[in-house]
Each structure stands twice: as C-alpha cells, then as structure tokens.
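1. this one's structure only:
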Ligand SMILES: Nc1ncnc2c1ncn2[C@@H]1O[C@H](COP(=O)(O)OP(=O)(O)OP(=O)(O)O)[C@@H](O)[C@H]1O
C-alpha cells in the first residue's frame with residue numbers, strides 16, 4: 001500500500017501535467033506493482049499501453065516519482081496479468097484478483113497488498129454500462145458557498161429527473177467538482193430507481209463513438225443507443241464546440257431526449273455564451289435550462305474537502321496541516337488532493353507521523369515543483385531549438401505555418417508548464433494580445449485530441465524541457 005500511495009501521488013501530479021486525453025488513455029488504468037530498491041514497476045492493461053508508456057511517458061513518470069521522493073528512482077513497465085483476466089473465479093472482482101495476484105515477473109515483483117485501515121477506494125475503475133466512478137457520490141461531496149447552487153440542483157435532478165431543471169448545465173474552472181457532481185447524480189438516481197438507463201459520457205467519448213459509428217455505417221445504432229437513455233450526462237461540452245458534425249448529432253440527441261421527457265446534464269468549463277464556436281441553437285437550448293456555476297472554494301471549504309479526502313483514505317490529518325495545505329493550494333481541488341496525497345505518501349514511506357514539519361517538507365519540495373522548475377525562457381528556448389527556428393521568429397509577426405505552429409505550441413506549454421497568465425505569455429511572445437494566446441492554446445488543445453504527431457512533438461519538447469531543467 002505504501003507503493004500504492006506513492007503511485008497515487010504521482011498520478012495526481014501527472015494528471016495536472018499531461019493533457020487530459022493522454023492521462024485518461026495511458027495513465028488512468030495503470031497500477032503500481034512494486035517499489036523496491038528505488039525501482040517502480042508500473043503495470044498497464046495491455047502490451048500496447050506498456051509500449052506507449054515506455055516510449056512516451058517514461059521520463060516524465062520517472063521525474064515525477066523522483067520529485068516526490070526527493071531522490072532518483074528508476075521505472076519499468078509490465079502488462080498487468082490480473083486486470084483483463086477472464087472471470088474464471090466467478091465471484092471475485094478483477095480488483096480483488098489483482099490485489100492477490102502472483103508475482104508479475106518484475107524484479108522483486110509481487111502485487112501491492114492492502115494495509116489495514118486504508119480502504120481500497122483508490123480503485124478508479126468505472127463500470128462500463130453507465131460509466132460511473134464509485135468514488136464520486138454526494139456523500140463525499142463537500143458543500144460550500146462556492147458550489148451550493150450546483151449541488152442543490154444536482155440533488156434535485158437526481159431525485160426528480162426531467163422535472164424542473166432540464167437541461168442542468170454546470171460550469172466552473174478546472175478541477176472544481178463538476179465531474180464529481182455528474183457522477184453523483186447518476187449514483188443517486190440509480191439508487192432510487194435501478195431501472196433507469198443512465199449514461200455518463202465525456203464529450204471526447206461521445207465524439208469518438210460518433211466518428212466510429214459513421215465509419216462503420218452504424219449511425220442508426222448510435223442514435224438508438226443515445227436516444228433511449230433516461231438521464232444523459234455529458235462532461236466538458238466545450239470540447240464539442242467547433243466540431244460541426246458532433247454538435248449536429250448532439251443537437252438531435254438533445255432534442256430527442258428532451259422531447260421525450262428525459263433528463264440531460266451538461267458540464268463545461270464556462271457558460272454557454274462564453275463558448276464562441278457553440279452553435280446558436282445549442283446555446284439557446286442550454287440556456288433554456290438551469291445554469292449553475294461552481295466557483296473556487298474558500299479556505300474553510302478547502303480545509304473541509306481535505307478532511308473528507310483524509311477520511312476517505314482512512315488517515316487522520318491534524319487540523320493545522322489541513323489548514324496549511326488549504327492555504328497553500330488555492331484554486332484547484334485536484335491539486336489540493338494531490339498535495340494531501342503527497343504528504344500521506346511521504347508519511348507512509350518514511351514511517352513518519354503526519355505533522356506540520358512533514359507537510360512543509362513535502363510541499364516545499366514537490367507541490368507544483370514540476371511546473372515551477374522550468375522558466376518561461378527555458379520553455380521558449382526549448383521550443384525554438386526543437387523546431388529549429390529562432391527567438392526572433394517566434395516573437396515576430398511571421399504568419400508562416402512553420403512559425404505559427406511552434407508559437408502556438410509555446411503558448412500551450414508556457415501555460416501548462418509555467419502557469420503564466422495569458423497576458424504574460426502574450427508579452428513574452430512579442431507583445432501579443434491575451435485573446436490571441438487563448439485562441440492558440442485552445443487550438444492546440446483541440447488539435448491534440450486528434451493529431452498524434454502533434455501530441456508526440458509536445459511530449460518530446462516536454463521531455464527535453466525537464467531533462468534540461470534538471471541538469
Ligand atoms: N466539493 C467537493 N468535495 C469533495 N471533493 C471534491 C469537491 N469538488 C471537487 N472535488 C474533488 O476534486 C477532484 C476534481 O474534481 P472533478 O474531476 O469533479 O473536477 P472537474 O470540475 O470536473 O474538473 P475538469 O474541469 O478538469 O473536468 C475530484 O477528485 C473530486 O472528487
């Protein structure tokens with residue numbers, strides 16, 4: 001379990017530094033198999049995933065683990081032999097099988113075993129039919145003034161679908177609990193009426209399923225599947241904005257569900273009117289329901305959330321530590337959890353009690369260190385070297401594609417790796433307007449969803465960046 005805590009802390013970090021698509025595809029379903037002699041053995045569900053991890057993410061994973069522990073560690077990858085095993089044992093779950101798996105062939109291997117008192121809630125698998133994550137329930141959602149309306153509306157929808165708030169559109173910044181609320185609606189509605197057909201889906205999944213259906217000439221199946229759902233929850237709708245055929249299909253799905261009295265719940269990082277590429281008719285449909293925002297939590301709510309996360313992990317965290325962490329990480333709850341996970345990981349690895357001293361040590365060494373370690377100049381230099389252009393090219397007025405792409409990559413990486421504001425990024429790239437920077441970043445995010453080559457380039461630049469930042 002100590003190894004498991006370490007991996008959980010690393011995943012929290014990686015979730016923030018990798019794109020969502022990369023994290024969900026390659027990292028989400030990994031597990032740590034052993035951590036011995038400063039070598040972590042990470043298991044992935046199949047050999048293709050192992051290859052991807054080894055080729056594209058090894059360095060970043062190694063750096064993240066090294067940062068958490070404050071010393072250099074090695075990493076190796078292997079295929080999990082428990083995760084996709086045919087269900088021979090009948091009653092036992094795949095998770096239980098994994099927990100009792102025989103050594104997996106890694107040096108000193110052997111599955112991590114649970115430590116008494118620490119629940120297995122870190123298991124992040126979701127059941128396939130409705131896509132709900134068992135961790136995200138109302139009981140574990142802390143209500144504060146920042147999310148009160150969204151929480152109340154979500155409860156009402158779960159208890160009386162398609163009654164008052166249809167669609168329910170929940171919006172707010174990254175990592176503030178939108179996904180958690182969507183899943184919670186699904187769990188509660190199912191607990192009340194198990195016969196309901198419920199589906200949680202990210203907009204990427206919706207888009208991919210649509211694309212596959214078109215490719216396989218099975219759009220009719222696709223429509224039938226979606227139009228017979230009682231509660232459809234679609235996460236991060238901003239990603240379908242700009243994708244015309246997806247929007248078109250979603251519009252029809254939306255109408256079909258709405259007209260037959262079914263509930264639709266949508267989440268986004270911003271209100272409909274702030275998504276310029278959203279088709280007008282979709283925007284007006286969304287605005288016809290309830291728009292509920294989630295703001296960043298205040299200090300008290302942040303501390304309460306941390307206490308809840310500690311409880312979930314079966315760990316008692318002293319109040320002063322809760323407050324310290326809550327003061328240190330202000331905006332993003334995912335980051336808040338990551339900070340707590342790191343403290344717990346250190347405490348378990350070194351057999352030290354959770355104290356202010358340990359918390360200060362853990363957070364000074366590693367919270368956000370992956371990001372803060374690199375400077376704006378390092379990012380720009382690494383990008384221009386990688387694309388073999390000059391600083392003058394990237395800061396100048398040139399509009400050639402071979403200059404515009406590196407410039408937008410630099411915008412994206414400056415935002416992701418240094419946390420600079422749009423205005424600061426614009427300034428360091430030749431005095432560009434913040435809206436140009438925003439456009440550049442959004443374009444990269446969209447393109448990365450479908451363009452494997454661009455994803456590879458960005459990954460390679462990131463690796464160079466961290467390698468050079470280390471030396
Ligand atoms: N009020 C809360 N109480 C307890 N946990 C919370 C709360 N809000 C967020 N969290 C936790 O913070 C983490 C991030 O939340 P979530 O994934 O729901 O954010 P999000 O708003 O969907 O982010 P994104 O914009 O990246 O999709 C989750 O682990 C979630 O459980």
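-> Perfect, I can see it now. This is a predicted model, so every value here is computed, not measured.
2. skipping adjacent residues, who's closest to residue 464 in space?
-> In space, residue 464 comes closest to residue 382 once its chain neighbours are excluded; the distance is 5.2 Å by Cβ to Cβ, 6 or more residues apart in numbering. C-beta coordinates here come from the backbone N, C-alpha and C atoms, glycine included.
3. my guess is the one you found contacts residue 460. True?
-> No. Here residue 382 lies out of contact with residue 460, judged by Cβ atoms under 8 Å, at a distance of 9.8 Å.
4. compare the two and say which is more crowded by neighbours.
-> residue 382 (24 against 14; other Cβ atoms under 10 Å).
5. quickly find the element holding the more buried one.
-> Using DSSP states H and E, residue 382 sits within helix 376-387.
6. what residues sit buried inside that helix?
-> By neighbour count with 16 or more other Cβ atoms under 10 Å, helix 376-387 contains the buried residues 376, 378-384, 386-387.
7. ok, stretch 245-258 next?
-> 246-247, 249-250, 253-254, 257-258.
8. report the distance from that stretch to the chain centre.
-> Between the mean C-alpha location of stretch 245-258 and the chain-wide mean there is a distance of 26 Å, by Cα atoms, centre = their mean, to the nearest Å.
9. count of residues packed around residue 39?
-> Neighbours of residue 39 (other Cβ under 10 Å): 15.
10. do residue 352 as well
-> The number of residues packed near residue 352 is 12, by other Cβ under 10 Å.
11. same deal with residue 181?
-> A count of nearby residues for residue 181, using other Cβ under 10 Å, gives 29.
12. try the one 4 residues further on
-> Residue 185: 28 surrounding residues under other Cβ under 10 Å.
13. cool, the one 3 residues further on as well?
-> The local packing count at residue 188 equals 18, with neighbours defined by other Cβ under 10 Å.
14. could you find the closest non-adjacent residue to it?
-> Nearest residue to residue 188, sequence neighbours excluded (Cβ to Cβ, 6+ apart): residue 158, at 3.8 Å.
15. the residue of the stretch 351-471 of the chain found nearest the ligand is in what secondary structure piece?
-> Using Cβ to the nearest ligand atom, the closest approach of the stretch 351-471 of the chain to the ligand is made by residue 445 at 12.0 Å. Take DSSP H and E as the rule and residue 445 turns out to sit in helix 434-450.
16. for that helix, buried residues please.
-> For helix 434-450, the neighbour count (16+ other Cβ under 10 Å) marks 436-437, 440-449 as buried.
17. show me what contacts the closest residue to the ligand within the stretch 301-450 of the chain?
-> Relative to the ligand, the nearest point of the stretch 301-450 of the chain is residue 333 (3.6 Å; Cβ to the nearest ligand atom). Contacts for residue 333 (Cβ atoms under 8 Å, 6 or more residues apart in numbering) come out as 175-177, 297, 302, 305.
18. redo these as a markdown table? Include pLDDT, secondary structure and neighbour count.
-> Formatted as a markdown table, the contacts of residue 333 follow (pLDDT from 0 to 100; DSSP: H, G, I helix; E, B strand; the rest coil; neighbours: other Cβ atoms under 10 Å):
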| residue | pLDDT | secondary structure | neighbour count |
| --- | --- | --- | --- |
| 175 | 87 | coil | 19 |
| 176 | 92 | coil | 24 |
| 177 | 94 | coil | 24 |
| 297 | 91 | coil | 24 |
| 302 | 94 | helix | 25 |
| 305 | 95 | helix | 22 |
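19. which of the three states applies to residue 77?
-> Three-state call for residue 77 (DSSP: H, G, I helix; E, B strand; the rest coil): strand.
20. what's the pLDDT at it?
-> Per-residue confidence (pLDDT) for residue 77: 90.
21. hang on, it packs against residue 56?
-> No. With contacts counted by Cβ under 8 Å, residue 77 stays clear of residue 56, the gap being 11.3 Å.
22. so which bits of the helix or strand that contains residue 402 are buried?
-> According to DSSP H and E, residue 402 maps onto helix 401-413. Neighbour counts using 16+ other Cβ under 10 Å place 403, 405-413 of helix 401-413 among the buried residues.
23. of those residues, list those near the ligand.
-> The subset of the buried residues of helix 401-413 within reach of the ligand, by Cβ under 6 Å from any ligand atom, is empty.
24. list the contacts of the residue in the chain that the ligand sits nearest to.
-> Residue nearest to the ligand within the chain (Cβ to the nearest ligand atom): residue 177, separated by 2.6 Å. Listed by Cβ under 8 Å, 6+ apart, the contact set of residue 177 reads 141, 147, 150, 294, 333.
25. try it again at 7 Å.
-> By Cβ atoms under 7 Å, 6 or more residues apart in numbering, the residues touching residue 177 are 141, 147, 294, 333.
26. by neighbours, which of those residues wins?
-> In the contacts of residue 177, the most neighbours by other Cβ under 10 Å go to residue 147, 27 neighbours.
27. now that residue, nearest residue through space, not along the chain?
-> residue 294 (4.6 Å).
28. distance of the one you found relative to residue 169?
-> 12 Å (Cβ to Cβ, to the nearest Å).
29. more crowded one of residue 77 and residue 56?
-> When neighbours are counted by other Cβ under 10 Å, residue 77 and residue 56 differ, and residue 77 comes out ahead with 23 against 19.
30. who does that one form a beta bridge with?
-> Note on residue 77: beta-bridge partners by DSSP bridges are residue 42.
31. who's in contact with it?
-> Here residue 77 is in contact with 42, 44, 50, 53-54 (criterion: Cβ under 7 Å, 6+ apart).
32. doesn't residue 266 fall inside a helix?
-> No. Counting by three-state DSSP, one finds residue 266 to be strand, located in no helix.
33. show me the contacts for it.
-> For residue 266, the contact set (Cβ under 7 Å, 6+ apart) comprises 167, 169, 234, 237, 286.
34. can you rerun that using 6 Å?
-> Taking Cβ atoms under 6 Å, 6 or more residues apart in numbering, we find residue 266 in contact with 167, 169, 234, 237.
35. neighbours around the first one, how many?
-> Burial measure for residue 167: 24 neighbouring residues, criterion other Cβ under 10 Å.
36. kindly report the same for residue 273.
-> For residue 273, the neighbour count with other Cβ under 10 Å is 11.
37. which of the helices or strands spans the spatially closest residue to it that is not a sequence neighbour?
-> Once flanking residues are discounted, residue 273 sits nearest to residue 283: 6.7 Å by Cβ to Cβ, 6+ apart. Here residue 283, judged by DSSP H and E, is contained in helix 280-287.
38. for the protein, which spans come out with low pLDDT?
-> The model of the chain has pLDDT under 70 over residues 1, 82-130, 365-373, 467-471.
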